[in-house]
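>>> can you look at this prediction? I've put the sequence above it.
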Amino acid sequence: MRMNKILLDEVKPKSVIAPGLSSAKFAKYYSLSFESIIRASNHHRLVELWRDESGLPWLFTKHWTGARFFTKDQKEDIRAAIKAVELTDQLPNY
């Protein structure tokens, strides 16, 4: 984790995107705070937005390759969420 923090400090990305909603369990190691969520039409979680202490957005998404019943609409919603955070620093409202 320490090496990741050093890398993030050096590179200064616009956001961190992690496939797999279960990856959010690492939030405590990076002092992340939960901000918002996007759900699919079936109410399953698609994207969770967290932020670190510097305000950097961290997006945890439904896993792109291993997710069962991953629909085209869900993929498009995740892409839209990533773009929205990079452009506006906020998740889109659905």
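Looks like it came in fine. Here the structure is a predicted model, which means the values were calculated and not measured.
>>> just the helices in this structure please.
2-11, 72-88 (DSSP state H).
>>> redo the ones you listed as TSV? Include mean pLDDT and mean neighbour count.
The way it works is simple: take the backbone N, C-alpha and C, and place the C-beta from them, glycine included. As requested, the helices of the chain are arranged in TSV below (pLDDT from 0 to 100; neighbours: other Cβ atoms under 10 Å):
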stretch	mean pLDDT	mean neighbour count
helix 2-11	88	10
helix 72-88	88	15
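>>> distance to G20 added to those, as JSON lines?
What follows is those, written out as JSON lines (distance: least, Cβ to Cβ, whole Å):
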{"stretch": "helix 2-11", "distance to G20": "16"}
{"stretch": "helix 72-88", "distance to G20": "12"}
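>>> ok, which of those helices comes nearest L49?
helix 72-88 (6.8 Å; Cβ to Cβ).
>>> what residues does that closest one touch?
If you take Cβ atoms under 8 Å, 6 or more residues apart in numbering as the criterion, helix 72-88 is touched by 14-15, 17, 38, 40-41, 46-47, 49, 57, 59, 61-62, 64, 90-92, 94.
>>> tell me where the chain has strands.
16-19, 33-39, 45-51, 57-61 (DSSP state E).
>>> can I get the ones you listed in JSON lines with mean pLDDT, mean neighbour count and distance to A84?
Shown next, in JSON lines, are the strands of the chain (pLDDT from 0 to 100; neighbours: other Cβ atoms under 10 Å; distance: least, Cβ to Cβ, whole Å):
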{"stretch": "strand 16-19", "mean pLDDT": "92", "mean neighbour count": "16", "distance to A84": "12"}
{"stretch": "strand 33-39", "mean pLDDT": "93", "mean neighbour count": "14", "distance to A84": "10"}
{"stretch": "strand 45-51", "mean pLDDT": "93", "mean neighbour count": "21", "distance to A84": "10"}
{"stretch": "strand 57-61", "mean pLDDT": "94", "mean neighbour count": "23", "distance to A84": "10"}
